[in-house]
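A.B. asks: Please work out how this folds:
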Amino acid sequence: MVRSTWPPPATSESVPLRDVRGVMLTHVVPDPQNYVPGSLGRELTLTLGWGAVKRVDLFPGGCADPGCDADHGFDGTITSDDIALRVSADADGEVALTTALTFARALSAALGRR
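C.D. replies: The predicted model follows:
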């Protein structure tokens, strides 16, 4: 007998506020040349980091010489990426987008007071 693994298992984690090290917001605007500073945009990604998971982004290294064919190895970044939550006004509604931004600001303020 073959057992289905659907729905996939879920994992939850309880993290004390004192362990949260970073709150990162990535804003997406559909028409950057017409962006009005202070407006919300159409989506954002809220990333919280507490040091349990790191993401490594690698890309080919290079130099400023357009004719260079040398192997420059790789460059990259290591980012704390314990949870990333994408919220879209188109998919989730304007209220969800505003709520996510309000939550991120409140959490950032709380972390700054520790």
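
A.B. asks: Pull the number of nearby residues for residue 43.
C.D. replies: Close neighbours of residue 43, defined as other CB atoms under 10 Å, add up to 19. Yep, even glycine has a C-beta here, placed from its N, CA and C like the rest.

A.B. asks: distance of it from residue 105?
C.D. replies: When distance is defined by CB to CB, to the nearest Å, residue 43 is 17 Å away from residue 105.

A.B. asks: How about residue 93?
C.D. replies: When distances are taken as CB to CB, residue 93 and residue 105 turn out to be 19 Å apart.

A.B. asks: Over to residue 36?
C.D. replies: Distance of residue 36 to residue 105, computed by CB to CB: 19 Å.

A.B. asks: and if you look at residue 78?
C.D. replies: Counting by CB to CB, the separation of residue 78 from residue 105 is 26 Å.

A.B. asks: How is this protein divided into domains?
C.D. replies: For the chain, the structural domains run 50-83, 89-114, going by automatic domain parsing.

A.B. asks: Quick check: which of the ones you listed has the most neighbours on average?
C.D. replies: Mean neighbour count (mean count of other CB atoms under 10 Å) peaks for domain 89-114 among those, with a mean of 13.

A.B. asks: Grab the CA positions of stretch 58-76 and hand them over as CSV.
C.D. replies: Taking C-alpha atoms only, stretch 58-76 is exported to CSV below (Å, rounded to 0.1, in the frame of the first residue of the first chain):
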residue,chain,number,x,y,z
LEU,A,58,25.8,33.0,-5.5
PHE,A,59,26.5,34.6,-8.8
PRO,A,60,29.4,34.6,-11.2
GLY,A,61,32.1,37.1,-10.3
GLY,A,62,33.3,39.7,-12.9
CYS,A,63,35.2,42.8,-13.5
ALA,A,64,34.6,46.2,-15.2
ASP,A,65,36.5,45.2,-18.3
PRO,A,66,33.9,44.2,-20.9
GLY,A,67,36.5,42.3,-22.9
CYS,A,68,37.8,40.3,-20.0
ASP,A,69,37.3,36.5,-20.3
ALA,A,70,39.1,35.6,-17.1
ASP,A,71,37.4,33.3,-14.5
HIS,A,72,36.6,35.5,-11.6
GLY,A,73,35.0,32.8,-9.5
PHE,A,74,31.8,33.6,-7.6
ASP,A,75,30.5,36.4,-5.5
GLY,A,76,27.6,36.1,-3.2
